[in-house]
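> Kindly return the folded structure for what I paste below:
(one chain, ligands or ions: 2)
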Amino acid sequence: MTLFSEPILHVALPVPLRRLFDYAFPAGFDNQVDEKVQSFSAETKFDQLVGRRVVVPFGRQTLIGVVIKADHNTDQDLSKLKAALEILDDEPTINPEQMALLEWASKYYQHPIGDVYSAAIPGALRTNKAIIDLLPKVLVKTDEFPARKELNKNAKQLLKLHDLLTEEPSTSGFSLSRANLTEREVPSTTIKKFVDNEWAQWQTAHTSEVTVTEQDLNEGLQLNTEQALAVTAINSAEHYQGFLLDGVTGSGKTEVYLQAIASRLLKQQQVLVCVPEIGLTPQTIARFQKRFNVPIALWHSAMTDKQRFETWQQCRSGTARIVIATRSGIFLPFKSLGMIIIDEEHDASFKQQDGFRYHCRSMALYRAHRLNIPVVLGSATPSLETLQNVEQNKFSLLELRQRAGGSQLPTMRLLDLNRCQSQAAIGQPLLDEISQQLKNGHQVMLFINRRGFAPVLMCEECHWLTECSRCSSFTTFHRGSGLLICHHCGFQHPTLKQCLGCGSTRLTPVGVGTEQIDLQLKELFPNVDVVRLDRDSTSKKGEFDDKLNLINQGKPMIIVGTQMIAKGHHFPNVSLVGIVDVDGALFSSDFRAPEKLAQLVVQVAGRAGRGSIKGQVWLQTKFPEHPVIQDLVNNEYRDFAKYALNERKMLKLPPYSHQIIIRAESTHNQLGHEWLAGLAHYLQDYEGLLMLGPTPAPMTRKAGKFRHMLTIQSESRPYLHKLVNWLLENLDTIQKDNRIRWTVDVDPIDVS
Ligand SMILES: Nc1ncnc2c1ncn2[C@@H]1O[C@H](COP(=O)(O)OP(=O)(O)OP(=O)(O)O)[C@@H](O)[C@H]1O
Ligand SMILES: [Zn+2]
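Residues are numbered from 1 along each chain as shown. Ligands and ions are numbered 1, 2, ... in the order given. Down below sits the predicted model:
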């Protein structure tokens with residue numbers, strides 16, 4: 001039977017099922033596939049198929065999948081086996097190194113393999129377009145290319161394009177891509193004329209890999225001793241080695257990265273730099289571009305599919321030498337990856353919070369280990385996980401204790417809100433200090449972790465609060481847009497004129513958000529600019545950059561913002577940072593809350609005094625005696641971290657134990673709870689396994705669904721993973737319930 005002589009394809013499909021799907025060879029396959037594959041023997045032919053995209057029938061749909069394996073075996077009834085429709089491309093989309101990474105990730109995060117593969121395929125390739133058709137094209141001469149004198153000497157545009165094509169692109173180092181021609185103002189009608197006359201044609205650009213030499217690297221700063229030691233250590237790592245670059249804010253970590261990157265570039269290797277979502281600012285990119293005269297590619301969620309495809313292509317062809325990416329850049333294919341850097345490694349945005357809940361840092365460690373290359377984690381406020389790895393000698397510690405370039409660390413001050421008047425949620429002494437700093441010609445930064453005008457509207461008569469009808473949460477009042485918005489499910493409606501409880505019209509805002517502080521400060525300080533940086537005020541294209549440029553002019557002004565101002569920025573004229581409201585985080589049920597708070601406060605504080613002026617940081621609170629507040633004001637982050645790690649060790653909490661959360665959502669109130677209790681029942685007799693819950697999630701109801709969770713904890717990670725894996729694989733027989741939507745979160749960091 002022909003089916004036996006042809007391979008059976010085991011395909012990963014983008015569906016939420018924990019298995020591969022078998023397909024027979026596409027009919028007429030030999031005509032479809034490139035000659036290269038045809039000429040191989042049966043066995044190597046199998047290998048050639050691995051990693052390729054295939055189009056397959058799936059129920060009534062057609063899906064694009066990836067061949068994981070090709071062999072002669074299938075558990076399926078051969079007569080029912082459907083044939084794949086088409087094998088796309090004459091090359092694999094996923095290379096063997098990526099496949100190993102994805103396979104590991106699928107197992108480790110207990111996530112369906114097809115979904116994991118999907119994360120590694122750029123959007124443009126999740127369609128049945130062939131790679132070759134998406135590759136950038138350049139215009140080149142044909143044999144019919146006319147002599148210049150044959151053209152009408154008044155046809156200026158024709159002559160111009162003729163000249164451009166005559167110039168030998170390979171020697172002058174440019175190629176005539178569509179974008180390039182537009183930039184040179186060649187009209188498309190002119191191009192069409194050349195193509196129609198067959199004087200020129202579009203051809204797939206052959207990306208030439210250039211050799212990086214000393215000439216491509218601009219000179220770096222003179223390193224201080226600590227920086228120099230760090231660079232030397234990283235540069236001498238020839239194999240896998242994990243480094244923690246623990247450097248206080250403004251200590252010049254970026255300079256260390258740049259110089260370590262330089263030596264990898266000279267070895268003709270590529271470097272991947274992962275940054276938090278909000279860390280990919282034009283300033284960061286500019287700093288890399290100024291230093292290196294090599295192709296630098298970007299990867300982040302605001303890019304179009306086309307732009308991302310280009311980065312993907314440049315990575316795998318080896319053209320891009322540096323890739324600056326957010327979380328999902330860790331899936332990119334590389335030709336010769338020589339080092340991975342994770343900047344601000346403690347940042348929560350490295351963990352995907354829905355669907356395939358991977359952590360970029362963990363993936364980077366696995367990948368670096370497999371590729372046998374160094375990986376550098378950098379932070380002023382390392383995560384406790386990473387500090388534990390240092391403690392256990394799994395990472396080498398590189399410390400930068402001093403700020404670079406002569407600036408000093410700011411002084412911290414506590415402002416007890418119980419003992420002073422306040423306006424716009426800001427204590428009077430801090431307001432006075434703000435005036436003083438502005439008078440001195442400096443900039444002031446105020447941090448508040450909540451956007452909008454006020455977290456909630458309250459009825460003054462019956463104390464009714466504006467709630468989200470779909471979540472166990474309140475809707476935030478946005479005065480500018482006149483909307484009440486739920487920040488959890490996105491639900492929004494025009495603000496209310498009347499209380500829904502008693503009908504009174506006396507609705508007032510309670511609490512503050514960035515929008516309100518912004519407005520009130522504008523009234524209090526009418527003579528200076530007040531610039532607000534949060535998601536609402538920077539959503540238009542270019543708005544964020546415009547604001548950064550304004551701040552960078554250095555004029556006295558007040559900057560009000562959320563998380564967005566906390567990290568990475570270098571504004572030398574900021575002398576005072578006010579942290580308006582941290583109290584909410586002091587009483588959280590999340591055992592990670594103090595760690596997150598300490599990291600946030602230290603990062604925000606780190607924006608002060610980065611130039612020649614010494615900075616100060618004011619921390620406002622109603623709970624000045626709280627131990628975390630005391631630690632933040634009187635001690636360093638490392639003291640806090642030491643204490644916190646000790647506490648986790650005593651309580652056997654992560655990183656001294658490992659957790660997996662199974663969450664269940666349902667429209668029925670108790671269903672999720674019962675279902676999880678059933679699961680817990682299966683595991684309860686295993687020693688060394690701790691069942692926490694099931695409990696309602698902190699946010700009990702979200703977007704109309706009731707949410708419950710079961711946390712499973714163990715000191716042995718392999719044991720925990722093995723048992724949970726067994727549970728999930730047998731879920732269908734143990735406890736199937738179609739009314740439940742469940743998810744798995746391995747190494748959870750956010751329990752909301
Ligand atoms: N060796 C050096 N000599 C002089 N200036 C330096 C040196 N290294 C870094 N700097 C300067 O110090 C400032 C802070 O450096 P950088 O932004 O790299 O610090 P960082 O540790 O990444 O900061 P953060 O974590 O707070 O974002 C920059 O203006 C940088 O140009
Ligand atoms: Zn809601």
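> how about the most centrally placed residue in the chain, what does it touch?
For the chain, the residue nearest the mean C-alpha position is Arg327 (3.1 Å; Cα atoms, centre = their mean). Taking Cβ atoms under 8 Å, 6 or more residues apart in numbering, we find Arg327 in contact with 274, 277, 349-352, 360. (Each C-beta comes from the backbone N, C-alpha and C, glycine too.)
> Same question for Leu217.
262, 265-266, 291-293.
> again, only using 7 Å
The contact partners of Leu217, by Cβ atoms under 7 Å, 6 or more residues apart in numbering, come to 262, 265, 292.
> isn't the second one right up against Pro295?
No - taking contact to mean Cβ atoms under 7 Å, the distance of 10.7 Å between Leu265 and Pro295 leaves them out of contact.
> Between the two, which is the more surrounded one?
Leu265 (20 against 17; other Cβ atoms under 10 Å).
> Is the closest residue to that one other than its chain neighbours within a helix or a strand, and which one?
Setting aside the residues directly before and after it, Leu265 is nearest to Val212 in space (Cβ to Cβ, 6 or more residues apart in numbering), at 4.7 Å. Remark: Val212 resides in no helix or strand, with elements defined by DSSP states H and E.
> What's the local residue count around Val212?
So Val212, with other Cβ under 10 Å, has 20 neighbours.
> now swap in Leu632 and tell me
By other Cβ under 10 Å, neighbour count at Leu632 equals 27.
> what about the residue nearest to it when sequence neighbours are not counted, which SS state?
Sequence neighbours aside, Val601 is the residue nearest to Leu632 in space, at 5.2 Å (criterion: Cβ to Cβ, 6+ apart). Under DSSP: H, G, I helix; E, B strand; the rest coil, Val601 falls in the helix class.
> Check which residues of stretch 260-267 are buried.
Within stretch 260-267, the residues that count as buried by 16 or more other Cβ atoms under 10 Å are 260-265.
> Do it and ligand 1 come into contact?
No - using Cβ under 6 Å from any ligand atom, stretch 260-267 never reaches ligand 1; the gap is at least 12.5 Å.
> what comes into contact with that stretch?
So stretch 260-267 is contacted by 212, 217, 231, 234-235, 271, 292, 294, 321-322, 338-339, 376 (Cβ under 7 Å, 6+ apart).
> for the stretch 151-300 of the chain, which spans come out with low pLDDT?
168-174, 206-208 (pLDDT under 70).
> 80 - rerun?
Confidence mapping of the stretch 151-300 of the chain against pLDDT under 80 gives the ranges 167-175, 179, 204-210, 278-282.
> avg pLDDT for the host helix or strand of Phe309?
Taking DSSP H and E as the definition, Phe309 sits inside helix 305-317. Helix 305-317 shows a mean pLDDT of 93.
> and the helix or strand that that helix is followed by, which strands flank it?
Using DSSP H and E, the helix or strand that directly follows helix 305-317 along the chain is strand 322-325. Partners of strand 322-325 in the sheet, by DSSP bridges, are strand 270-274 (parallel), strand 296-299 (parallel).
> and those strands, which is most packed in?
strand 270-274 (a mean of 26; mean count of other Cβ atoms under 10 Å).
> I'd say Pro382 and His346 touch.
Yes - applying Cβ under 7 Å, one finds Pro382 in contact with His346, separated by 5.8 Å.
> Tell me the spacing between the residue nearest to His359 when sequence neighbours are not counted and ligand 1.
Distances taken as Cβ to Cβ, 6+ apart place Lys351 nearest to His359, at 4.6 Å, with adjacent residues excluded. According to Cβ to the nearest ligand atom, to the nearest Å, Lys351 and ligand 1 sit 20 Å apart.
> Now Lys351. Its backbone dihedrals?
Taking degrees, to the nearest 10, you get phi -100, psi 130 for the backbone angles of Lys351.
> residues near it, how many?
Other residues close to Lys351 by other Cβ under 10 Å number 18.
> cool, Leu676 as well?
Neighbours around Leu676, by other Cβ under 10 Å: 23.
> How about the one 3 residues further on?
A count of nearby residues for Leu679, using other Cβ under 10 Å, gives 22.
> what secondary structure does it sit in?
helix.
> My guess is it contacts His708. True?
No - in this structure, Leu679 is not within contact of His708 by Cβ under 7 Å, at 10.9 Å.
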